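**Q** Sequence plus predicted model, see below.
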Amino acid sequence: MSCKNMIEVRNLSKSFKGRKVIDDISLSVDEGDVYGFLGSNGSGKTTTIRMLLNLIYPNKGTIKLNEYDISRDFSKAIKRVGAIVEIPKFHSYLSGRKNLLLMANLIDDIEKHKVDEVLELVGLADRAEDKVKTYSLGMRQRLGIANALLCNPRLVILDEPTNGLDPQGMKEIRDLICRLSSENNITFFISTHLLHEVEQMCNKVAILNHGKIIAQGKVEDLVNIDYELVEIYTPLIDKAISEIENLDFVRNIKKSTKSIFVQIEKDHSIDLNRALINNNIDIKYLIPHNQSLEEYFIKLINGSEENDQTNNE
Amino acid sequence: MTRLIMNEVIKIFHQKKVYIFFAILFIISLFNLAGTAITNRYLSGNNYGQTFPLILFDGVSNIIIPMFVIVLITSLFSDEYADGSLKLPLLRKVSRNQLLLSKMGAIGIVVLIFLLVLLILGYGLGISFFGWGDQFVLKSKSFEPYEGVMLTLFTYGISLISYLSFGMMILFLAVIINNSASVVAVSTGILFTSLVSDYIIPKAAPYLITNYFNTYRLFALDFEFKKLLAGLIVILTYGLGFYLTSISIFNRKDILI
């Protein structure tokens, strides 16, 4: 089954005053994806999102939203797109509801109850009549999400949506995103610098560093690479090590005070277990350690920076 | 487009500063009323209710209304750019051209309301305190009452176009200067310099937009079709020139806030 491309970015570049902040990036977001756009602060995430929304013009490259080129058909491209750029900004002297009503005025064929519906959905119904200047950062984030949902979007672009929220608020927003994605088939493009957020919400990710995409793909593929790390608890540590060293699928062994960390080729944990048992080595625990996105991210960033340094030299 | 303009008008009327200007207008009206009463009593003036709207307009046309225009544009453009809310409509199916046009349309509506309030205040207070009067006398020139009403409406009407053209100049400043306070400062500087130049360099006056805020002195008391046409050309040149330049710059501008 072919998936519709909700976002297609090709060879996008942007410079400010001669400094390249986005360097030839390409990415593709399919319908139904929850796509994480991961990068440290200053890596170029917000600039990219602003370019996706036509607020900043690229120096080079093309952007398609909903299969429309935004430089030619922006009004068609943006029709079913909701977005937050950085901290949601509203007219502080108006109430939350009034702000949404003004935005709803700009949407054709909007249902009368839509404003109340989205306020209810993000948990702001009780404070809807209060002026936005009295809202906390978290409440503004919720109002931003409510605004993004007003147009019955098929694609929602969120820039750091949990920024400024307390842990409970962060969880609620993550749950809301997951629910909207699964129940309403809304595609999400979410920029964040929080790695666990990507692991918890996203099925795909692109990692941005110094304006370049240094990795992208399915989250599960990026974190499950071609080896596994297994921790073995046994009373016979030295004997176990001498046996394991002879196994051809073992790539690395590290001894700790109570256990052994063994790096093995993928899908060989059963063989490892069998080899130890066959050599009369009692095993208390055999614990698989998945590589987290965090480890992968740090490794990538370090690798990328080392490469940059080498190139500079 | 109509909904976009309505949004802008709603925003304007939700801001306290607009009501402060209306309050100032009312206070100035009372001062003018007192001044006119003193003139009538001690300086043998013969100002009646039918003349008072123009007397009142004379008192606010050069500073109060232009300052109102500056504050409105700063609030709708510079403040929104600075606080990031300017981009909200741009994330919908609204082009940058439509956004600027809607803001100027809304400012036109609000200035029109301001002028209507001024006109109603003028006639209301004038008739209440001085009566309608049997003739319309202005700067020692007398007109039939219906001519006086037409002259009053003409002056108010032309001034709306002049204020909008002046507004386009302020819009241009707001587009190129991102800081609200700087826009207010530069605009106020230009306004006062231009008002002073009107008197100091009379030859430059026909080319200055401030010369056309209060048109009855220029056209009505000494009517010449050529002068009226030249004035309209200057007003429209300011308006269109600054508007098209603003649109052109805004369309190419990266919105970074």
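**A** Received, thanks.
**Q** alpha carbons only for contacts and neighbour counts from here, please
**A** OK.
**Q** ok, now which ones touch the closest residue to chain A within the stretch 151-257 of chain B?
**A** For the stretch 151-257 of chain B, the residue closest to chain A is residue B:254, as judged by Cα to the nearest Cα, at 4.4 Å. In this structure, residue B:254 makes contact with A:55-57, judged by Cα atoms under 8 Å, 6 or more residues apart in numbering or on different chains.
**Q** where does the stretch 201-313 of chain A have low pLDDT?
**A** Residue ranges of the stretch 201-313 of chain A with pLDDT under 70: A:223-226, A:290-296, A:298-313.
**Q** the helices in it, which residues?
**A** Along the stretch 201-313 of chain A, counting by DSSP state H, counting those that start in this stretch, helices occupy A:219-223, A:237-244, A:269-278, A:293-312.
**Q** Neighbours of residue A:282, how many?
**A** Neighbour count of residue A:282, defined by other Cα atoms under 10 Å in any protein chain shown: 16.
**Q** Can you pull the phi/psi pair for the closest residue to it other than its chain neighbours?
**A** Leaving aside its sequence neighbours, residue A:282 sits nearest to residue A:234 (Cα to Cα, 6 or more residues apart in numbering or on different chains; 6.0 Å). Residue A:234 has phi and psi values of phi -150, psi 150 when expressed as degrees, to the nearest 10.
**Q** Up against chain A, what does chain B have?
**A** B:3-4, B:7, B:11, B:14-15, B:83-85, B:87-95, B:252-256 (Cα under 8 Å from any Cα of the partner chain).
**Q** Any of these buried? List them.
**A** Taking 16 or more other Cα atoms under 10 Å in any protein chain shown as the criterion, what is buried in these is B:4, B:7, B:11, B:84-85, B:87-94, B:255.
**Q** mind listing which of these are in helices?
**A** Judged by DSSP state H, helices contain the following of those: B:4, B:7, B:11.
**Q** where's the residue lying closest to the first one once chain neighbours are set aside relative to residue A:4, distance?
**A** Spelled out, it's residue B:4. Nearest residue to residue B:4, sequence neighbours excluded (Cα to Cα, 6+ apart): residue B:102, at 6.0 Å. As for residue B:102, its distance to residue A:4 is 35 Å (criterion: Cα to Cα, to the nearest Å).
**Q** Residue A:89 now?
**A** Residue A:89 is 31 Å from residue A:4, where distance means Cα to Cα.
**Q** higher neighbour count, these two?
**A** Shown here are residue A:89 and residue A:4; by other Cα under 10 Å, residue A:89 has more neighbours (21 against 12).
**Q** Assign the more buried one to one of the three secondary structure states.
**A** coil (DSSP: H, G, I helix; E, B strand; the rest coil).
**Q** For the spatially closest residue to residue A:166 that is not a sequence neighbour, which residues are in contact?
**A** Distances taken as Cα to Cα, 6+ apart place residue A:138 nearest to residue A:166, at 7.6 Å, with adjacent residues excluded. Counting by Cα under 8 Å, 6+ apart, residue A:138 makes contact with A:162-166, A:169.
**Q** and the least confident of those?
**A** Least confident of the contacts of residue A:138 in the model: residue A:164, at 74.
**Q** which residues sit in contact with that residue?
**A** By Cα under 8 Å, 6+ apart, the residues touching residue A:164 are A:137-138.
**Q** Over to residue A:212?
**A** Counting by Cα under 8 Å, 6+ apart, residue A:212 has contacts A:22-25.
**Q** Name whatever forms a beta bridge with it.
**A** residue A:209 (DSSP bridges).
**Q** how near is it to residue A:59?
**A** 15 Å.
**Q** How about residue B:131?
**A** For residue B:131, the distance to residue A:59 - Cα to Cα - is 68 Å.
**Q** for the contacts of residue B:254, which one is nearest residue A:110?
**A** Distance to residue A:110 across the contacts of residue B:254 (Cα to Cα) is lowest for residue A:55, with 24.5 Å.
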